[in-house]
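Student: sharing a model prediction with you, sequence too.
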Amino acid sequence: MSARVGVVTFPGSLDDVDAARAIRLAGATPVSLWHDDSALRGVNAVVLPGGFSYGDYLRCGAIARFSAVMETVADAASAGLPVLGICNGFQILCESHLLPGALTRNRHMHFRNRPQAMRVENVDTAWTADFTAEQRVVVPVKNGEGCYVADEKTLDTLEAENRVVFRYVDGNPNGSQRDIAGVTNAAGNVVGLMPHPEHAVEALTGPSTDGLGVFTSVLAHLGATTR
(Lines give C-alpha, C1' and ligand atoms only; values in the text may rest on other atoms or scores of the structure.)
Protein backbone atom coordinates (compact mmCIF):
# COMPACT_ATOMS: atom_id res chain seq x y z
CA MET A 1 0.00 0.00 0.00
CA SER A 2 1.38 3.40 -0.99
CA ALA A 3 1.87 6.21 1.50
CA ARG A 4 -1.04 8.61 1.95
CA VAL A 5 -0.12 12.30 1.76
CA GLY A 6 -2.78 14.81 2.69
CA VAL A 7 -3.22 18.10 0.83
CA VAL A 8 -5.15 20.77 2.71
CA THR A 9 -7.51 23.04 0.78
CA PHE A 10 -8.20 26.44 2.30
CA PRO A 11 -10.56 29.05 0.83
CA GLY A 12 -8.26 30.64 -1.75
CA SER A 13 -5.89 27.70 -2.26
CA LEU A 14 -4.68 27.59 -5.86
CA ASP A 15 -2.09 24.83 -6.01
CA ASP A 16 -3.75 21.99 -4.12
CA VAL A 17 -4.48 20.07 -7.32
CA ASP A 18 -0.90 20.59 -8.51
CA ALA A 19 0.44 19.33 -5.19
CA ALA A 20 -1.78 16.26 -5.42
CA ARG A 21 -0.47 15.56 -8.91
CA ALA A 22 3.14 15.83 -7.73
CA ILE A 23 2.40 13.43 -4.89
CA ARG A 24 0.86 10.96 -7.32
CA LEU A 25 3.84 11.22 -9.69
CA ALA A 26 6.17 10.56 -6.77
CA GLY A 27 4.35 7.30 -6.09
CA ALA A 28 2.08 8.16 -3.17
CA THR A 29 -1.67 8.53 -2.80
CA PRO A 30 -2.88 12.13 -2.38
CA VAL A 31 -5.69 12.62 0.11
CA SER A 32 -7.81 15.77 0.05
CA LEU A 33 -8.17 17.49 3.43
CA TRP A 34 -10.60 20.34 4.09
CA HIS A 35 -9.55 23.31 6.22
CA ASP A 36 -12.68 23.19 8.37
CA ASP A 37 -12.38 19.47 9.17
CA SER A 38 -9.91 18.53 11.89
CA ALA A 39 -9.62 14.90 10.71
CA LEU A 40 -6.39 13.96 8.96
CA ARG A 41 -7.90 10.75 7.54
CA GLY A 42 -4.97 8.53 8.42
CA VAL A 43 -2.40 10.31 6.27
CA ASN A 44 1.34 9.75 6.67
CA ALA A 45 2.31 13.32 5.78
CA VAL A 46 0.64 16.65 5.04
CA VAL A 47 1.20 19.36 2.43
CA LEU A 48 -0.08 22.92 2.88
CA PRO A 49 -0.22 24.20 -0.72
CA GLY A 50 0.26 27.60 -2.29
CA GLY A 51 -2.44 30.16 -3.00
CA PHE A 52 -4.11 33.03 -1.19
CA SER A 53 -5.86 31.52 1.82
CA TYR A 54 -8.71 33.76 2.95
CA GLY A 55 -7.64 36.28 0.33
CA ASP A 56 -4.45 37.09 2.29
CA TYR A 57 -6.49 39.39 4.53
CA LEU A 58 -4.76 40.73 7.65
CA ARG A 59 -1.50 38.94 6.75
CA CYS A 60 -0.80 35.99 4.51
CA GLY A 61 -1.73 32.86 6.45
CA ALA A 62 -2.91 34.80 9.52
CA ILE A 63 -6.50 33.57 9.29
CA ALA A 64 -5.73 30.10 7.94
CA ARG A 65 -3.69 29.32 11.05
CA PHE A 66 -6.98 29.22 13.00
CA SER A 67 -8.57 26.62 10.70
CA ALA A 68 -9.73 23.46 12.45
CA VAL A 69 -7.28 21.32 10.52
CA MET A 70 -4.27 23.35 11.69
CA GLU A 71 -4.76 22.42 15.35
CA THR A 72 -4.60 18.76 14.36
CA VAL A 73 -1.66 19.37 12.03
CA ALA A 74 0.24 21.16 14.79
CA ASP A 75 -0.32 18.30 17.24
CA ALA A 76 0.64 15.69 14.65
CA ALA A 77 3.75 17.65 13.65
CA SER A 78 4.83 17.74 17.28
CA ALA A 79 4.55 13.95 17.25
CA GLY A 80 6.74 13.68 14.14
CA LEU A 81 4.31 13.85 11.20
CA PRO A 82 6.10 15.25 8.12
CA VAL A 83 4.53 18.58 7.11
CA LEU A 84 5.45 20.67 4.06
CA GLY A 85 4.34 24.25 3.49
CA ILE A 86 4.73 25.69 0.00
CA CYS A 87 4.49 29.47 -0.53
CA ASN A 88 1.21 30.34 1.24
CA GLY A 89 1.65 27.08 3.14
CA PHE A 90 5.04 28.36 4.36
CA GLN A 91 3.34 31.55 5.48
CA ILE A 92 0.74 29.51 7.37
CA LEU A 93 3.45 27.45 9.10
CA CYS A 94 5.16 30.63 10.27
CA GLU A 95 1.89 32.17 11.44
CA SER A 96 1.15 28.92 13.31
CA HIS A 97 4.60 29.06 14.95
CA LEU A 98 5.50 25.67 13.55
CA LEU A 99 8.41 27.46 11.88
CA PRO A 100 10.25 30.60 13.00
CA GLY A 101 10.27 33.92 11.20
CA ALA A 102 7.74 35.55 8.91
CA LEU A 103 7.10 36.25 5.24
CA THR A 104 6.65 39.90 4.32
CA ARG A 105 6.11 41.99 1.20
CA ASN A 106 8.83 41.56 -1.42
CA ARG A 107 11.39 44.31 -0.85
CA HIS A 108 11.02 45.59 -4.43
CA MET A 109 7.21 45.65 -3.95
CA HIS A 110 6.57 43.62 -7.11
CA PHE A 111 5.10 40.16 -7.66
CA ARG A 112 7.70 37.72 -8.99
CA ASN A 113 6.88 34.75 -11.22
CA ARG A 114 9.90 33.06 -12.79
CA PRO A 115 12.12 29.97 -12.65
CA GLN A 116 14.41 30.29 -9.65
CA ALA A 117 17.64 28.53 -8.77
CA MET A 118 18.17 27.32 -5.21
CA ARG A 119 20.88 25.42 -3.39
CA VAL A 120 19.88 22.52 -1.15
CA GLU A 121 21.53 23.29 2.18
CA ASN A 122 20.17 20.48 4.36
CA VAL A 123 19.49 16.95 3.15
CA ASP A 124 18.64 15.58 6.59
CA THR A 125 14.98 16.61 6.64
CA ALA A 126 11.94 14.52 5.81
CA TRP A 127 11.48 16.50 2.59
CA THR A 128 15.07 16.65 1.25
CA ALA A 129 16.49 13.15 1.75
CA ASP A 130 16.60 12.44 -2.01
CA PHE A 131 18.81 15.45 -2.77
CA THR A 132 22.56 15.75 -2.41
CA ALA A 133 24.21 18.40 -0.26
CA GLU A 134 24.63 21.72 -2.11
CA GLN A 135 22.66 20.41 -5.10
CA ARG A 136 21.46 23.19 -7.39
CA VAL A 137 17.78 22.94 -8.32
CA VAL A 138 15.50 25.14 -10.39
CA VAL A 139 11.81 25.52 -9.59
CA PRO A 140 9.30 28.33 -10.16
CA VAL A 141 8.82 31.13 -7.67
CA LYS A 142 5.59 33.13 -7.68
CA ASN A 143 4.88 35.45 -4.80
CA GLY A 144 4.33 39.02 -3.75
CA GLU A 145 4.98 38.44 -0.07
CA GLY A 146 7.88 36.01 -0.01
CA CYS A 147 10.54 37.99 1.81
CA TYR A 148 11.71 35.84 4.72
CA VAL A 149 12.58 37.86 7.82
CA ALA A 150 13.56 37.07 11.39
CA ASP A 151 15.57 38.72 14.13
CA GLU A 152 19.34 38.24 14.03
CA LYS A 153 19.33 35.78 16.94
CA THR A 154 16.83 33.54 15.15
CA LEU A 155 18.76 33.76 11.89
CA ASP A 156 22.01 32.87 13.67
CA THR A 157 20.29 29.91 15.33
CA LEU A 158 18.94 28.66 12.02
CA GLU A 159 22.40 28.86 10.49
CA ALA A 160 24.14 27.23 13.47
CA GLU A 161 21.65 24.36 13.63
CA ASN A 162 21.67 23.80 9.84
CA ARG A 163 17.99 24.62 9.63
CA VAL A 164 18.19 26.66 6.43
CA VAL A 165 16.99 24.05 3.95
CA PHE A 166 17.03 25.97 0.67
CA ARG A 167 18.91 29.15 -0.25
CA TYR A 168 18.43 31.32 -3.33
CA VAL A 169 21.30 31.46 -5.81
CA ASP A 170 21.71 33.41 -9.04
CA GLY A 171 19.62 36.23 -7.62
CA ASN A 172 17.27 36.74 -4.69
CA PRO A 173 13.70 37.18 -6.02
CA ASN A 174 12.16 38.82 -2.97
CA GLY A 175 14.88 40.20 -0.70
CA SER A 176 14.75 37.40 1.85
CA GLN A 177 17.32 37.78 4.60
CA ARG A 178 20.47 35.74 4.00
CA ASP A 179 18.93 34.51 0.72
CA ILE A 180 16.76 32.06 2.67
CA ALA A 181 14.23 30.21 0.51
CA GLY A 182 13.17 27.55 3.00
CA VAL A 183 13.68 26.46 6.60
CA THR A 184 12.93 23.51 8.86
CA ASN A 185 12.02 22.98 12.48
CA ALA A 186 14.56 21.50 14.89
CA ALA A 187 13.24 17.95 14.37
CA GLY A 188 13.47 18.15 10.57
CA ASN A 189 9.93 16.95 9.90
CA VAL A 190 8.38 20.37 9.19
CA VAL A 191 9.71 22.28 6.16
CA GLY A 192 8.51 25.46 4.52
CA LEU A 193 9.72 27.04 1.29
CA MET A 194 8.51 29.86 -0.95
CA PRO A 195 9.32 28.40 -4.42
CA HIS A 196 6.97 25.80 -5.86
CA PRO A 197 8.41 22.28 -6.27
CA GLU A 198 5.01 20.97 -7.37
CA HIS A 199 5.38 23.03 -10.56
CA ALA A 200 8.67 21.36 -11.46
CA VAL A 201 7.80 17.67 -11.65
CA GLU A 202 7.36 17.05 -15.39
CA ALA A 203 9.63 17.89 -18.31
CA LEU A 204 6.67 18.98 -20.45
CA THR A 205 5.73 21.87 -18.18
CA GLY A 206 9.21 22.57 -16.75
CA PRO A 207 11.33 24.45 -15.99
CA SER A 208 12.82 21.19 -14.66
CA THR A 209 11.83 18.05 -12.79
CA ASP A 210 13.89 19.07 -9.76
CA GLY A 211 10.84 19.61 -7.58
CA LEU A 212 9.88 15.94 -7.67
CA GLY A 213 12.72 15.23 -5.24
CA VAL A 214 10.83 17.00 -2.47
CA PHE A 215 7.98 14.51 -2.76
CA THR A 216 10.09 11.39 -3.30
CA SER A 217 12.13 12.46 -0.28
CA VAL A 218 9.21 12.18 2.09
CA LEU A 219 8.39 8.73 0.73
CA ALA A 220 11.99 7.66 1.39
CA HIS A 221 11.72 9.13 4.87
CA LEU A 222 8.46 7.34 5.58
CA GLY A 223 9.92 4.08 4.30
CA ALA A 224 12.94 4.44 6.56
CA THR A 225 10.89 5.27 9.65
CA THR A 226 8.44 2.40 9.22
CA ARG A 227 10.98 -0.40 8.72
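Tutor: All right, it came through fine.
Student: and residue 142, how far from residue 30?
Tutor: Applying Cβ to Cβ, to the nearest Å, the value for residue 142 to residue 30 is 21 Å. (Glycine included, C-beta is placed from N, CA and C.)
Student: next: residue 206.
Tutor: Counting by Cβ to Cβ, the gap from residue 206 to residue 30 is 22 Å.
Student: which one's more surrounded, the two?
Tutor: Taking neighbours as other Cβ atoms under 10 Å, residue 206 and residue 30 compare with residue 30 leading, 21 against 14.
Student: identify the residue spatially nearest to residue 101, adjacent ones excluded.
Tutor: In this structure, residue 101 finds its nearest non-sequential neighbour in residue 150, 3.7 Å apart by Cβ to Cβ, 6 or more residues apart in numbering.
Student: torsion angles phi and psi at that neighbour?
Tutor: phi -160, psi 160 (degrees, to the nearest 10).
Student: so how many other residues sit close to it?
Tutor: Counted with other Cβ under 10 Å, residues neighbouring residue 150 total 20.
Student: these two touch, right, it and residue 102?
Tutor: Yes. The criterion here is Cβ atoms under 8 Å, and residue 150 meets it with residue 102 at 7.1 Å.
Student: and stretch 173-181, how far from the chain's centre?
Tutor: 15 Å (Cα atoms, centre = their mean, to the nearest Å).
Student: which parts of it are buried?
Tutor: Residues 173, 174, 175, 176, 177, 179, 180, 181 are the ones in stretch 173-181 that count as buried (16 or more other Cβ atoms under 10 Å).
Student: what do you get for stretch 195-204?
Tutor: 195, 196, 197, 198, 199, 200, 201.
Student: how about the secondary structure of residue 30?
Tutor: Assigned by DSSP: H, G, I helix; E, B strand; the rest coil, the conformation of residue 30 is strand.
Student: so what's it up against?
Tutor: 5, 6, 7, 19, 20, 21, 23, 24 (Cβ atoms under 8 Å, 6 or more residues apart in numbering).
Student: strands of this structure, residue ranges please.
Tutor: Using DSSP state E, the strands of the chain run over residues 4-9, 29-34, 45-48, 83-86, 102-104, 112-120, 136-143, 147-149, 164-168, 180-184, 190-193.
Student: now the contacts of residue 30 in CSV, with neighbour count?
Tutor: Converted to CSV, the contacts of residue 30 look like this (neighbours: other Cβ atoms under 10 Å):
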residue, neighbour count
5, 27
6, 27
7, 27
19, 29
20, 22
21, 18
23, 26
24, 15
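Student: dump those residues into CSV; add pLDDT and distance to residue 137 as well.
Tutor: Formatted as CSV, the contacts of residue 30 follow (pLDDT from 0 to 100; distance: Cβ to Cβ, whole Å):
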residue, pLDDT, distance to residue 137
5, 98, 20
6, 98, 24
7, 98, 21
19, 98, 17
20, 98, 21
21, 98, 19
23, 98, 18
24, 98, 20
